[in-house]
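*Asks:* Show me how the following folds:
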Amino acid sequence: MKFTLRHKDPASQARVGLLETDHGPVHTPIFMPVGTAATVKGIYHRDVRDEARAQIILANTYHLYLRPGMEIIEKAGGVHRFSTWEGPMLTDSGGFQVFSLAACRKLKEEGCHFRSHIDGSKHLFTPESVIDTERTIGADIMMAFDECPPGDAPRDYAAKSLALTERWLDRCFERYAQTAPKYGHYQALFPIVQGCTYPDLRVRAAENVLQYDADGYAIGGLAVGEPTETMYEMIEVVNAILPEDRPRYLMGVGTPVNILEGIARGVDMFDCVMPTRNGRNGQLFTAEGVINIRNKKWEDDFSPIDPAGTAFVDTLYSKAYLHHLCVCGEMLAAEIASLHNIAFYLRLVGMAREHIAAGDFKAWKETTIPKLQRRL
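*Replies:* Have a look, this model is predicted:
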């Protein structure tokens, strides 16, 4: 895996890069649509690729481990063949799901004991088993197993959690070195920088991951309840330490504004469920602001969903028609809204790349953000 920096913005930390994987190139900064169960919910792969112009998607280790299970995925020849997604793919490690299952999991030195949210069955994730699982899934980029503490965690808890994550990280890389890809393509392993909202812990974590000389690095444990400005501060602290010649991935973030602010601070890769989850509930992100398409005001608005959009749904369907589908509970409403939102996110990062290359990203960001924050 190779990462090449192509442009830097003179007035911020924003950068344009090229990440080359065995399943194709990824131009950064990039947004990765979330495909939890090896599918972006409610959208054909064809439309995710051709209309939204997604370059890479994300799948979830925890969910694929439970369903369909590793035996099925291995028989299929890996997640790319199983799902028919031909482009690059990233798998998270299940650490965030462990965090969200606080009521039915126990953390120990060996790993995490948890009960399935599907049938209550007992399972154990260890750093070694997670690497084995991600090898079997076969994504181009694998994430190390970690604990994701809540954003308001006390310092003593955050410190203990980070120490556990660092010991697990050592075991992840040891297992990674002992194993090989199963399907003939290279798999990178990214460590995750934790440390909650404590700058000294973030510095320690960022300095610690450098020893692995990894293909890329992730920033985890943000957008989990902490103030937005604190999140930005932690990104700055970490990116001041992480190497410039490797991609930086901010996990689970976020709104369009969060993404532009993350890019300005040197982040290259993003993922979030917001475009599809909010789309299924009638919220649309547009170049002029946020729309709740369920509102009656759109009932007789026959203008395109987003005249500036790049997906066919943006100009093919009117706001009035999508409003009608939403209030009727039609499945097509969720598909149209989800595809529109993903296309919007990808168009936004594409425009960011263009403005970074042109040298005027900061000025463009400052005029764009007020529009993105409007409620229409």
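*Asks:* Using the three-state scheme, assign the residue most central in space within the chain.
*Replies:* Relative to the mean C-alpha position of the chain, the nearest C-alpha, by Cα atoms, centre = their mean, is the one of Asp271, at 1.9 Å. Under DSSP: H, G, I helix; E, B strand; the rest coil, Asp271 falls in the strand class.
*Asks:* and the gap between it and Ile137?
*Replies:* Plainly put, Asp271 is 16 Å away from Ile137 if you go by Cβ to Cβ, to the nearest Å. Where C-beta positions appear, they are placed from N, C-alpha and C, glycine not excepted.
*Asks:* give me every residue that touches Pro25.
*Replies:* When the contact criterion is Cβ atoms under 8 Å, 6 or more residues apart in numbering, the partners of Pro25 are Leu18, Leu19, Gln55.
*Asks:* Try it again at 7 Å.
*Replies:* Applying Cβ atoms under 7 Å, 6 or more residues apart in numbering to Pro25 gives the contacts Leu18, Leu19.
*Asks:* ok, the residue nearest to the centre of the chain touching Met32?
*Replies:* Yes. Between Asp271 and Met32 there is a contact under Cβ atoms under 7 Å: 4.3 Å.
*Asks:* Please identify every residue contacting each of these two.
*Replies:* With Cβ under 7 Å, 6+ apart, Asp271 and Met32 have common neighbours Leu58.
*Asks:* immediately after the lowest-mean-pLDDT helix or strand in the chain, which helix or strand?
*Replies:* Between all helices and strands in the chain, the lowest mean by mean pLDDT, DSSP states H and E belongs to helix 95-100, at a mean of 68. Read in the C-terminal direction, the helix or strand following helix 95-100 is strand 105-107, with elements assigned using DSSP states H and E.
*Asks:* and Met143, how far is that from Lys41?
*Replies:* Between Met143 and Lys41 the computed distance is 20 Å (Cβ to Cβ).
*Asks:* So these two - more neighbours on which side?
*Replies:* For Met143 against Lys41, the residue with the higher neighbour count under other Cβ atoms under 10 Å is Met143, and the figures read 28 against 17.
*Asks:* mind listing what the more buried one touches?
*Replies:* If a contact means Cβ under 7 Å, 6+ apart, then Met143 has Thr91, Asp92, Ser93, Phe190, Ile192, Ala218 as its contacts.
*Asks:* can you list the weak-confidence ranges in the stretch 101-250 of the chain?
*Replies:* For the stretch 101-250 of the chain, applying pLDDT under 70 flags the ranges 101-104.
*Asks:* ok, which stretches of it are strands?
*Replies:* Applying DSSP state E, counting those that start in this stretch to the stretch 101-250 of the chain gives strands spanning 105-107, 112-115, 122-125, 141-143, 188-190, 192-193, 217-219, 248-250.
*Asks:* same thing with the stretch 251-376 of the chain?
*Replies:* Secondary structure of the stretch 251-376 of the chain, counting by DSSP E, counting those that start in this stretch: strands at 269-272, 283-286, 289-292.
*Asks:* Just the residues contacting the last one, thanks.
*Replies:* So the one you mean is strand 289-292. Judged by Cβ under 7 Å, 6+ apart, the contacts made with strand 289-292 from elsewhere in the structure are Gly282, Gln283, Leu284, Lys371, Leu372, Arg374, Arg375, Leu376.
*Asks:* Look up the pLDDT of the third one for me, please.
*Replies:* Per-residue confidence (pLDDT) for Leu284: 98.
*Asks:* So it versus Thr310, what's the distance?
*Replies:* Separation of Leu284 from Thr310 (Cβ to Cβ): 14 Å.
*Asks:* Between the two, point out the one with more neighbours.
*Replies:* Taking Leu284 and Thr310 together and counting by other Cβ under 10 Å, Leu284 has the greater number of neighbours (26 against 16).
*Asks:* Could I get the contacting residues of that one?
*Replies:* Contacts for Leu284 (Cβ under 7 Å, 6+ apart) come out as Ile291, Ile293, Ile305, Ala337, His340, Asn341.
*Asks:* Distance to Tyr157 and neighbour count for the residues you listed - can I get that in CSV?
*Replies:* Below are these laid out as CSV (distance: Cβ to Cβ, whole Å; neighbours: other Cβ atoms under 10 Å):
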residue, distance to Tyr157, neighbour count
Ile291, 40, 25
Ile293, 41, 27
Ile305, 45, 25
Ala337, 38, 29
His340, 40, 29
Asn341, 35, 26
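*Asks:* of these, closest to Ala14?
*Replies:* Minimum separation from Ala14 among the contacts of Leu284 (Cβ to Cβ) is found for Asn341, which lies at 22.8 Å.
*Asks:* In contact with the closest residue to the closest one other than its chain neighbours, which residues?
*Replies:* Spatially, and ignoring its direct neighbours in sequence, Asn341 is nearest to Pro275 (3.6 Å; Cβ to Cβ, 6 or more residues apart in numbering). Applying Cβ under 7 Å, 6+ apart to Pro275 gives the contacts Pro33, Ser338, Asn341, Ile342, Tyr345.
*Asks:* pLDDT wise, what is Pro275 at?
*Replies:* On the pLDDT scale, Pro275 gets 97.
*Asks:* And it, how close does it get to Lys8?
*Replies:* Counting by Cβ to Cβ, the gap from Pro275 to Lys8 is 28 Å.
*Asks:* before we move on, what about Arg280?
*Replies:* The gap separating Arg280 from Lys8 is 37 Å, by Cβ to Cβ.
*Asks:* just to revisit the earlier point, next, give me the two most distant ones among the contacts of strand 289-292.
*Replies:* Taking Cβ to Cβ as the measure, the contacts of strand 289-292 reach their widest spread between Gly282 and Lys371, a distance of 20.2 Å.
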